[in-house]
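K.L.:
Need coordinates for the below:
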Amino acid sequence: PQNPKTPLWVFSIINKIDRMARDDPARMSQKQRRESLADPNYKGQDYAIDTCILDKGPMADRRCTDILCIFIFLGFVAAATFVGLYAVKNGDPSLILTPYDSNGNFCGKTAGYTEYPYLWYEDIGTPFWLAYATCVKECPTQSTLVVECIPAGAATNCDPQPGPYGTTLFLDRWCLPVYSELPASFNQTQEEFNNIIGSIGLDDIQSYAEDIALSWLIYLIAIPITFILIFLWNWMLRLFAQTLAWISIVTVGLMIVALGFGLKYYAGTNYRAEDSTYKWLTYAAYTTWGLAGVYVLVILCTYYAIKISIKVLKVSAKIVSRNLRMVIVPLIGIVVMVVWICFYAYCLLWLMSCGEMIKVDVPLVGSYYSYKWTDQEKWMMWFSLFMFFWVSAFLLAASQYVLIVGVANWYFKAERKDEFSIFQGYWWLFRYNIGSILFGSFIIALVCMIRAIFEYIDNKMKNSNGGAAAAPARWLMNCIRCCLDCCHRFVKYINENAYC
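P.N.:
This is a model prediction of the structure:
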């Protein structure tokens, strides 16, 4: 307890050592131990510690935890497998991704349309592009005068209006107009053009894809620069942690004081003394100076806690600088998370396509399809969303756990500081503590699921015409959202510390 480098969780090991040697008459009783630890002046001078066990730290006496959670998770996986088999049997995601013309014929799939796989808009001079949607063999260019298409809806002669224009193939399905290649007679602004694309629902996806394609070189340059800055900052923390910490603390205090002077100066130069605005700005300046005084008192009261935090920062920077291989762990976590998100999105497409497709005819616009799902399919979607939250929380927690094991292993091996074992963290994860991590992830997923349900209800309320009658309900929803967000942060904090 007197060692400033000893982390707080070591006391849990000390408690375990007590239970292992209760028959030792030299040891204090459980009641005496609690009374001693409750005494702020107790220094642990009469504590008999088995140094052999303490030196091994968390590496000693490992055992499996929360095994029941593993079987519960396997049961959920079995249920998710059933949902996946149902989706594969009854769904067809190609129908969701396949465009259709204004008459509701699927390009490249409907009989007679197999040679016309792309969707094109004949007349873009009007804001109702969907009424002129038709299937074509090839995406037209600015020099294309005759377009091979199957007329549908208002598109009767496959003649581009207000004139030939260039297109770009998007997602291998849509022939979207290129604004820079539109004819001179096109009288819509760039913003109006983007709004029309947005009404189709493709502008955001297209802009993201184009941004990534155009910015790949910037990403390649920014990623190594980011790592260099991280290592440089760790090096500075390792050597100048105390100086940087106190500079930051003093700078924040000076900025608060300067804000008060800025308010006072602004009030004196822009308003007369008898103006109410001058008085309110003066009150704000005095309040800011009062907060600066409170800030100084807080710093003085937490002086020793700040010193401990600085030492923790120095040790953390030392660990990172001496064990650069730990950077691999979050990179592995990111790759696995991206793979999981893509897999979930693919499975969700199958599940969403299980519903019954209903064709809706809209006058002057054309036809479109909507899905009607059964209650069973809706419950399956909610269940799949919960599994997404659970597995995502587990993957994040697993990366944190591996780093914790590696740091603890490095910390307690004083004679072998070059051994930072990443593989041991993954081994312990699946050998000992996967049940506990699944349990913590389950709690986080449960909170996320409740938040998703409330967001769904709130979105329905916003889209309704409740007016003033729905205002109290929306206020209540905002309060609940805030409480759920606090609960989510609290649960994440508890779980992150529980792994230690």
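K.L.:
Can you mark which positions in stretch 337-346 are buried?
P.N.:
Using 16 or more other C-beta atoms under 10 Å as the test for burial, stretch 337-346 gives 337, 344. Quick note: C-beta positions are derived from backbone N, CA and C, even for glycine.
K.L.:
Need the contact partners of that stretch.
P.N.:
93, 384, 388, 391, 392, 395, 396 (C-beta atoms under 8 Å, 6 or more residues apart in numbering).
K.L.:
These in helices, which ones?
P.N.:
Using DSSP state H, the members of the contacts of stretch 337-346 that fall within helices are 93, 384, 388, 391, 392, 395, 396.
K.L.:
of those, the lowest pLDDT goes to which?
P.N.:
Across those, the smallest pLDDT goes to residue 93, namely 83.
K.L.:
can you pull the contacts of the closest residue to it other than its chain neighbours?
P.N.:
Closest residue in space to residue 93, ignoring its immediate chain neighbours: residue 349 at 3.8 Å, by C-beta to C-beta, 6 or more residues apart in numbering. In this structure, residue 349 makes contact with 91, 93, 96, 97, judged by C-beta under 8 Å, 6+ apart.
K.L.:
so the third one touches residue 352, yeah?
P.N.:
Yes. Contact criterion C-beta atoms under 8 Å: residue 96 and residue 352 qualify, at 6.5 Å.
K.L.:
who has more neighbours, those two?
P.N.:
Higher neighbour count among residue 96 and residue 352: residue 352, with 18 against 14, using other C-beta atoms under 10 Å.
K.L.:
my read: that one touches residue 380, true?
P.N.:
No. Using C-beta under 8 Å, residue 352 is not in contact with residue 380, being 10.1 Å away.
K.L.:
re earlier: and the two most separated of the ones in helices among the contacts of stretch 337-346?
P.N.:
93 and 396 (27.7 Å; C-beta to C-beta).
K.L.:
quick one on the thing from earlier: just the buried residues of the ones in helices among the contacts of stretch 337-346.
P.N.:
Buried among those (16+ other C-beta under 10 Å): 93, 384, 388, 391, 392, 395, 396.
K.L.:
Do you have the helices of the stretch 51-200 of the chain handy? List them.
P.N.:
51-56, 67-90, 93-97, 190-200 (DSSP state H, counting those that start in this stretch).
K.L.:
Could you pull up the contacting residues of residue 72?
P.N.:
438, 442.
K.L.:
if you set the cut-off to 10 Å instead, what comes out?
P.N.:
66, 435, 438, 439, 442 (C-beta atoms under 10 Å, 6 or more residues apart in numbering).
K.L.:
which helix is the longest one in the protein?
P.N.:
Max-length helix for the chain by DSSP H is helix 216-270.
K.L.:
Packing partners of it?
P.N.:
helix 276-301, helix 303-322 (3 or more C-beta pairs under 10 Å, 6 or more residues apart in numbering; DSSP states H and E).
K.L.:
I'd like the mean pLDDT over that helix, please.
P.N.:
87.
K.L.:
what's the angle between it and helix 303-322?
P.N.:
160 degrees (axes from the mean of the first three to the mean of the last three C-alpha atoms, to 10 degrees).
K.L.:
Quick check: the gap between the spatially most central residue of the chain and residue 456.
P.N.:
Nearest to the mean C-alpha position of the chain, by C-alpha atoms, centre = their mean, lies residue 392 at 9.6 Å. According to C-beta to C-beta, to the nearest Å, residue 392 and residue 456 sit 18 Å apart.
K.L.:
likewise residue 131?
P.N.:
32 Å.
K.L.:
neighbour count winner among those two?
P.N.:
residue 131 (21 against 12).
K.L.:
so that one touches residue 152, yeah?
P.N.:
Yes. Using C-beta atoms under 10 Å, residue 131 is in contact with residue 152, at 9.4 Å.
K.L.:
Excluding residues flanking it in the chain, which one is nearest residue 282?
P.N.:
Going by C-beta to C-beta, 6+ apart, residue 282 has residue 267 as its nearest residue, at 5.7 Å.
K.L.:
Same check on residue 318?
P.N.:
residue 238 (5.4 Å).
K.L.:
got a list of what that neighbour touches?
P.N.:
Contacts of residue 238 (C-beta under 10 Å, 6+ apart): 313, 314, 315, 316, 317, 318, 319, 320, 321, 322.
K.L.:
returning to that earlier point: got the ones in helices among the contacts of stretch 337-346 as a markdown table, with distance to residue 303 columns?
P.N.:
Compiled in a markdown table, the ones in helices among the contacts of stretch 337-346 are given as follows (distance: C-beta to C-beta, whole Å):
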| residue | distance to residue 303 |
| --- | --- |
| 93 | 61 |
| 384 | 51 |
| 388 | 46 |
| 391 | 44 |
| 392 | 40 |
| 395 | 40 |
| 396 | 35 |
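K.L.:
thinking residue 330 is in contact with residue 399, fair?
P.N.:
Yes. With contact defined as C-beta under 10 Å, residue 330 and residue 399 form a contacting pair (5.9 Å).
K.L.:
Can you show me the CA trace of stretch 449-456 as PDB?
P.N.:
Taking C-alpha atoms only, stretch 449-456 is exported to PDB below (Å, rounded to 0.1, in the frame of the first residue of the first chain):
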ATOM      1  CA  MET A 449     -31.400  -1.800 -27.400                       C
ATOM      2  CA  ILE A 450     -33.500   0.300 -25.100                       C
ATOM      3  CA  ARG A 451     -32.100   3.500 -26.600                       C
ATOM      4  CA  ALA A 452     -32.800   2.200 -30.100                       C
ATOM      5  CA  ILE A 453     -36.400   1.500 -29.200                       C
ATOM      6  CA  PHE A 454     -36.900   5.000 -27.700                       C
ATOM      7  CA  GLU A 455     -35.200   6.500 -30.800                       C
ATOM      8  CA  TYR A 456     -37.600   4.600 -33.000                       C
END
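K.L.:
For stretch 75-89, list every residue counted as buried.
P.N.:
76, 80, 83, 84, 86, 87.
K.L.:
Run the chain-centre distance for that stretch.
P.N.:
Here the centre of stretch 75-89 is set off from its chain's centre by 26 Å, with C-alpha atoms, centre = their mean, to the nearest Å.
K.L.:
quick check: mean pLDDT across that stretch?
P.N.:
Computed over stretch 75-89, the average pLDDT equals 92.
K.L.:
what does that stretch contact?
P.N.:
Applying C-beta under 10 Å, 6+ apart, the set of residues contacting stretch 75-89 is 91, 93, 347-354, 376-377, 379-381, 383-384, 386-388, 390-391, 438, 442.
K.L.:
So, low pLDDT: which residues of the stretch 51-200 of the chain?
P.N.:
51-61, 125-128, 142-145, 162-163, 179-200 (pLDDT under 70).
K.L.:
and if we set it to 90?
P.N.:
51-67, 88-200 (pLDDT under 90).
K.L.:
thinking again about what came up before, how deep is the residue nearest to residue 282 tucked in, by neighbour count?
P.N.:
Neighbour tally, residue 267, other C-beta under 10 Å: 21.
K.L.:
can you check residue 482 too?
P.N.:
Residue 482, neighbours per other C-beta under 10 Å, totals 10.
K.L.:
repeat for the one 5 residues further on
P.N.:
Residue 487 is flanked by 14 other residues according to other C-beta under 10 Å.
K.L.:
any idea of the pLDDT on it?
P.N.:
82.
K.L.:
Make sure the residue nearest to the centre of the chain is actually in contact with residue 441.
P.N.:
Yes. Residue 392 lies in contact with residue 441 (C-beta under 10 Å); the separation is 8.3 Å.
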